[in-house]
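**Q** Return a 3D structure for these sequence lines:
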Amino acid sequence: MLDVILFTRSYYIIAINTEIASQLYYVLLIFALATLFGAVSRNIESVIPEEDSKSLRTGETSQVLLKQVKSVRALQNLTHDLNDTFGLLILLNCIRDIICVIGVIASLLEVIGPRGANETDVAYAERLEGTARQASWDYTTISISLSNAALRIGVCLHCASQVKKIVRLVQAVRAEYRELDIQASCALMLSEIDSSTGAISAAGIRTIDLEYLAYVRLKPFCT
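**A** Sure thing, here's the model as predicted:
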């Protein structure tokens, strides 16, 4: 019995590490990408003036915006490189998300059969023990998969939210200043940002966003 327990626990540990390791690397890269987008938004936010210092920061604002345009271009290239490199793995993880949700529903609907007419007490107890062991493994796997999905979706949404914050801040700067050079810098910045900026996609098939989250959670109930 002890050897069975040790084997089972060791198998759980290996499975957990395998589940996490399959996406941990690119999740950390996405988080780093979101942090860099956040740094751009903080730099832009720093040039939004107070009323008494607006006239003193006009030249500085234009320089900062032009510098952040270059940063956004570089980060956009990094986003495309990340999607090209890890897109297939992200797609496989996304498919697993849908399967995992279906697995949750199946596990909740599972019913343990009653004791058979010719089933002995020992056989019935062994069947219950095997069912409980399998259920424990199933719920462990499902919880790991759901946790990984929540982590992956969370960092993708965080990255996209940083880009949206940049857009809002640039629009705020454009509303504060009427100088032509600042208006031109803001227009250039907004032209560099599109739907693909900071968007993590599953092999180009689907972007990981709120729409994807709703799709994963509702798809099993619509089929």
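**Q** all contacts plus neighbour counts: C-alpha atoms, from now on.
**A** Noted.
**Q** so where's the longest helix in the protein?
**A** Criterion DSSP state H: the longest helix present in the chain is helix 121-176.
**Q** So which elements touch that helix?
**A** helix 2-45, helix 58-109, helix 180-192 (3 or more CA pairs under 8 Å, 6 or more residues apart in numbering; DSSP states H and E).
**Q** what about 10 Å?
**A** Other elements packing on helix 121-176 under the criterion 3 or more CA pairs under 10 Å, 6 or more residues apart in numbering; DSSP states H and E are helix 2-45, helix 58-109, helix 180-192, helix 210-222.
**Q** I'd like the ones you listed as TSV, with mean neighbour count, distance to Ser147 and mean pLDDT appended.
**A** Output for the helices and strands packed on helix 121-176, formatted as TSV (neighbours: other CA atoms under 10 Å; distance: least, CA to CA, whole Å; pLDDT from 0 to 100):
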stretch	mean neighbour count	distance to Ser147	mean pLDDT
helix 2-45	16	9	75
helix 58-109	17	10	84
helix 180-192	17	34	89
helix 210-222	13	14	61
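**Q** Rebuild those as CSV, extending it with distance to Ala149.
**A** Formatted as CSV, the helices and strands packed on helix 121-176 follow (distance: least, CA to CA, whole Å):
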stretch, distance to Ala149
helix 2-45, 10
helix 58-109, 6
helix 180-192, 30
helix 210-222, 10
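**Q** Quick one: closest of the ones you listed to Ile153.
**A** helix 210-222 (7.5 Å; CA to CA).
**Q** looking at the helices and strands packed on helix 121-176, which is closest to Thr120?
**A** So among the helices and strands packed on helix 121-176, helix 2-45 is nearest, using CA to CA, at 23.5 Å.
**Q** Of all the helices and strands packed on helix 121-176, which one is nearest Tyr124?
**A** With CA to CA as the measure, helix 2-45 is the member of these nearest Tyr124 (19.7 Å).
**Q** Hmm, Arg152 is touching Cys94, no?
**A** Yes - between Arg152 and Cys94 a contact is recorded at 9.4 Å, counting by CA atoms under 10 Å.
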